[in-house]
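1. Here's a sequence, model it:
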Amino acid sequence: MTLIGMLHHRRDPTTVIKSYAYAAVAKAEGVNFFYFSPGMVNFVNRSIRGQVYENGSWKERIMPFPDVIYNAGSPEKLANSKEIIEKLKSEIPFTTNSIGNKWNITERLIEAKEFTNYLIPSEVVKTVENFHKFLASFQKVVFKPIDGRKGKGIYFISNMDGVFEVRQNSENKYYSKQQLNEFLKDKLLTGNYIIQPYIQSVTKSGQVYDFRLHVQKDGEGKWVITTIYPRIAPKGSIIPNINNGGFTNYLDPFLQQEFKEEAFDIKRMLEHFSLSLANHLDNIQMVKYGEVIDEIGIDVGLDENLKIWVYEVNWRPGCPPAFYLELDVVVHSIQYAKYLAENQTKIKNEIKSLKRKKIEEKRGSPVIAITGSAGKTTSKAFLASILSKKWNIFESKDYWNTTEHTKKHAAEINDSHEAVVLEYGMAYPGVITEHCSIIQPTISIVTNIGLAHVGNFDSDIKKVAHAKSELIHGMDQKGILIINKDDENSKYLETQQFKGKIMTVSIKSPANYRAYGIQYEENGMSFKMRLQKQEIKLFIPILGEHHVYNALNAIAVADYLGFTPMEIKAGLIFRKPPRRLTIYNCRDNITVIDDTVHSHPQGVKAALDVLSNIGKRRKIAIIGQMRELGDLREQEYRKVGEYVHEIGIDLLITYGFRTEEIGDQAKEKGFSSENIYHFTNKEKLHELLKEIVRKDDTILVKGASKTNMFDTVKFLDETFKE
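-> A predicted model of the protein is given here:
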């Protein structure tokens with residue numbers, strides 16, 4: 001006869017209400033049962049001083065090691081006896097294995113991919129700045145502790161035109177940005193928090209609700225539904241958790257009341273989803289840890305389109321009293337414990353089979369290479385950020401884009417990487433061909449064809465396009481190619497013989513991925529687009545319309561690879577590459593814009609657009625030398641000068657060899673000569689800045705790394721530090 005031992009952190013079973021229920025059901029099911037705590041285990045003679053329920057009371061008995069252990073105690077309190085429990089696990093099968101906290105479960109599901117479409121994008125909040133980027137993208141968010149339980153410590157935060165509403169239970173508070181920042185800092189000091197977009201299920205009467213899907217394994221080792229029930233928040237509250245005043249209802253009448261003719265389909269959808277997710281999590285546990293799980297509670301909501309969203313998964317779900325009377329949970333637990341004890345060989349073989357299948361299913365990883373005259377690093381950063389929401393990726397370091405770097409990457413990429421994202425730079429013909437011979441891309445992005453390095457190509461833009469076309473010729477010829485439809489020079493790309501799929505991005509003309517409604521926001525850009533048959537609004541935490549193109553490049557690839565709009569939206573909140581339109585807020589409301597990594601005519605004009613759009617009062621442009629323009633230098637410098645006058649810059653300062661030509665052309669077009677300065681000595685430039693910079697000025701510093709224009713950014717930041 002099977003012997004079940006119920007492990008609990010408390011020594012006295014009379015203090016554990018459910019111990020009697022388990023003892024009674026065990027007897028009815030024809031199995032022996034006893035209760036014990038870790039301190040009662042004797043490994044020398046393989047015995048346990050346990051408690052047996054006999055004749056209406058608990059009696060102490062010396063019991064042999066059980067065939068199976070029902071793991072019932074608090075994980076936190078049982079952790080004090082970790083060594084004993086690990087030793088027991090090595091000899092005896094356990095029920096109720098841990099699948100981790102909310103964040104661990106999310107990470108497992110993301111890694112396994114199959115159910116990511118149902119996950120609300122979540123991020124661990126590391127800084128206040130990180131929080132505000134997420135809020136800018138989603139407007140309303142949930143801020144909650146990673147290890148929170150019973151609905152405690154959950155905050156709903158929304159931005160209402162600069163005033164921040166913070167809701168907890170039915171209590172509302174309103175904060176300024178500074179007050180909210182203090183609130184967030186205080187919370188982050190006390191524990192780990194995650195942030196999610198707020199997706200709400202609301203009844204016809206306006207009350208928030210969710211569904212608890214409670215599933216278990218039965219006596220045949222199969223997943224069954226114990227119960228599905230709605231939990232409804234009291235009026236004024238947005239947390240339906242029962243411990244916070246929420247109440248339950250039976251499923252059928254609730255669905256009939258809320259959904260009428262759709263009630264039957266929704267019930268079947270919830271049933272199918274609960275069993276499918278339970279099987280999926282069980283398979284993950286078997287492959288990853290060689291264990292099985294047997295009971296979970298899944299909390300889900302339905303949005304306005306009746307799409308399921310997973311709020312959280314609990315591996316020790318409570319069951320409200322109204323549903324506990326039938327003892328379904330206890331019956332399934334006892335029956336499954338018996339099955340587990342009697343079928344260890346079968347379960348171990350199933351685990352081995354799943355692990356083999358997982359290895360066989362591992363497919364080739366997509367290799368994405370990005371080239372172009374501008375936007376490579378930012379496009380790469382956007383794409384890597386999105387893909388990493390779901391996959392383990394290999395991402396090249398910022399600006400590591402030479403063939404020597406690609407050789408190093410080839411040595412570092414391994415089977416654990418599910419996608420590879422690389423930059424392929426080039427300054428001469430043949431370089432991209434060499435990149436592709438080292439690592440051949442399956443997906444390629446050509447951001448644009450501009451004047452960077454054009455002096456190395458006889459000052460001929462068509463020859464630059466020919467060199468960039470080496471990526472098209474060297475990639476998988478049945479792969480995916482993304483190009484910029486708005487870029488006039490991209491028409492010179494050699495796509496005629498390419499046998500794969502070409503996708504286009506744009507802002508100005510029809511394309512596969514087109515952004516519209518572009519607006520400057522605080523610390524970033526917002527735009528709209530059609531994606532997967534719906535209009536969505538997106539936010540990127542970097543300034544400049546040109547960066548919308550970089551985001552579109554990433555969106556195109558992510559969409560092709562099966563990422564959801566919600567995953568894409570969350571991934572666009574990326575780690576911005578340094579010194580690319582980075583904002584420094586100085587004293588007296590002085591703003592410094594640092595764009596000192598690369599400099600070419602296209603990039604200078606894009607940076608000037610940002611200055612023009614965010615400048616509060618006087619707009620000061622400090623423009624450094626642009627290299628490798630060849631015979632086009634004078635012509636392009638003059639175009640920049642004309643553009644400075646055209647968009648209404650107030651002061652123009654140029655630095656470096658022959659850059660005075662920019663100012664000369666601006667003056668010729670009508671720009672005041674009194675507001676033009678030219679330097680070849682950086683110290684003299686800095687002396688001028690001390691004299692002329694005033695309150696409310698916005699200053700753009702634009703130049704290539706080789707001209708060390710970042711020295712001027714540092715000078716301004718230190719001189720006008722708050």
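2. so where do the helices sit in the stretch 101-250 of the chain?
-> Ranges of helices in the stretch 101-250 of the chain, per DSSP state H, counting those that start in this stretch, are 102-112, 128-138, 177-190.
3. Put together TSV for these, with mean pLDDT and mean neighbour count on each row.
-> The way it works is simple: take the backbone N, C-alpha and C, and place the C-beta from them, glycine included. TSV is the format used below for these (pLDDT from 0 to 100; neighbours: other Cβ atoms under 10 Å):
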stretch	mean pLDDT	mean neighbour count
helix 102-112	79	18
helix 128-138	90	19
helix 177-190	91	14
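4. Would you mind saying which of the ones you listed lies nearest residue 678?
-> helix 128-138 (37.1 Å; Cβ to Cβ).
5. Output that closest one in PDB with nothing but the alpha carbons.
-> Provided in PDB are the C-alpha atoms of helix 128-138 (Å, rounded to 0.1, in the frame of the first residue of the first chain):
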ATOM      1  CA  VAL A 128      13.600  55.800 -11.900                       C
ATOM      2  CA  GLU A 129      14.600  56.700 -15.400                       C
ATOM      3  CA  ASN A 130      13.800  53.200 -16.500                       C
ATOM      4  CA  PHE A 131      10.400  53.500 -15.000                       C
ATOM      5  CA  HIS A 132       9.600  56.800 -16.800                       C
ATOM      6  CA  LYS A 133      10.600  55.400 -20.200                       C
ATOM      7  CA  PHE A 134       8.200  52.500 -19.800                       C
ATOM      8  CA  LEU A 135       5.400  54.800 -18.600                       C
ATOM      9  CA  ALA A 136       6.000  57.100 -21.700                       C
ATOM     10  CA  SER A 137       5.400  54.100 -23.900                       C
ATOM     11  CA  PHE A 138       2.300  52.700 -22.200                       C
END
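6. May I see the helices of the stretch 101-250 of the chain organised as TSV, with distance to residue 155 added?
-> Output for these, formatted as TSV (distance: least, Cβ to Cβ, whole Å):
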stretch	distance to residue 155
helix 102-112	15
helix 128-138	11
helix 177-190	8
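7. Of all those helices, which one is nearest residue 340?
-> Using Cβ to Cβ, the helices of the stretch 101-250 of the chain put helix 102-112 closest to residue 340, at 21.8 Å.
8. Could you list every helix and strand in contact with that closest one?
-> When contacts are defined as 3 or more Cβ pairs under 8 Å, 6 or more residues apart in numbering; DSSP states H and E, helix 102-112 sits against helix 263-289, strand 308-314.
9. Packing partners of the shortest one?
-> To tie it back to what came earlier, the one meant is strand 308-314. Against strand 308-314 (3+ Cβ pairs under 8 Å, 6+ apart) you get helix 102-112, helix 263-289, strand 295-302.
10. how far off strand 295-302 does it point, in degrees?
-> Angular relation of strand 308-314 and strand 295-302 on a 0 to 180 degree scale: 150 degrees, by axes from the mean of the first three to the mean of the last three Cα atoms, to 10 degrees.
11. cool, and the longest one?
-> Interaxial angle, helix 263-289 versus strand 295-302 (the same axes, to 10 degrees): 130 degrees.
12. For the nearest residue to residue 229 once chain neighbours are set aside, list each beta-bridge partner.
-> Among residues not flanking residue 229 along the chain, residue 248 sits closest, at 5.2 Å (Cβ to Cβ, 6 or more residues apart in numbering). Beta bridges link residue 248 to residue 231, judged by DSSP bridges.
13. Residue 248 contacts residue 227, doesn't it?
-> No. Taking contacts as Cβ atoms under 8 Å, residue 248 lies outside contact range of residue 227: 9.7 Å.
14. ok, these two, which is more surrounded?
-> Ranked by neighbour count (other Cβ atoms under 10 Å), residue 248 and residue 227 place residue 227 first, with 22 against 19.
15. Tell me the spacing between the more buried one and residue 249.
-> 12 Å (Cβ to Cβ, to the nearest Å).
16. Helices of the stretch 301-450 of the chain, residue ranges please.
-> For the stretch 301-450 of the chain, the helices defined by DSSP H, counting those that start in this stretch occupy 321-324, 328-342, 344-361, 376-387, 403-412, 431-438.
17. now the helices and strands packed on helix 102-112 in CSV, with mean neighbour count, distance to residue 392 and mean pLDDT?
-> Output for these, formatted as CSV (neighbours: other Cβ atoms under 10 Å; distance: least, Cβ to Cβ, whole Å; pLDDT from 0 to 100):
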stretch, mean neighbour count, distance to residue 392, mean pLDDT
helix 263-289, 17, 14, 93
strand 308-314, 20, 21, 91
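18. Format the ones you listed as TSV; extra columns: distance to residue 663.
-> Supplementary listing: the helices and strands packed on helix 102-112 in TSV, determined by distance: least, Cβ to Cβ, whole Å:
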stretch	distance to residue 663
helix 263-289	63
strand 308-314	57
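19. which one of these lies closest to residue 3?
-> helix 263-289 (24.8 Å).
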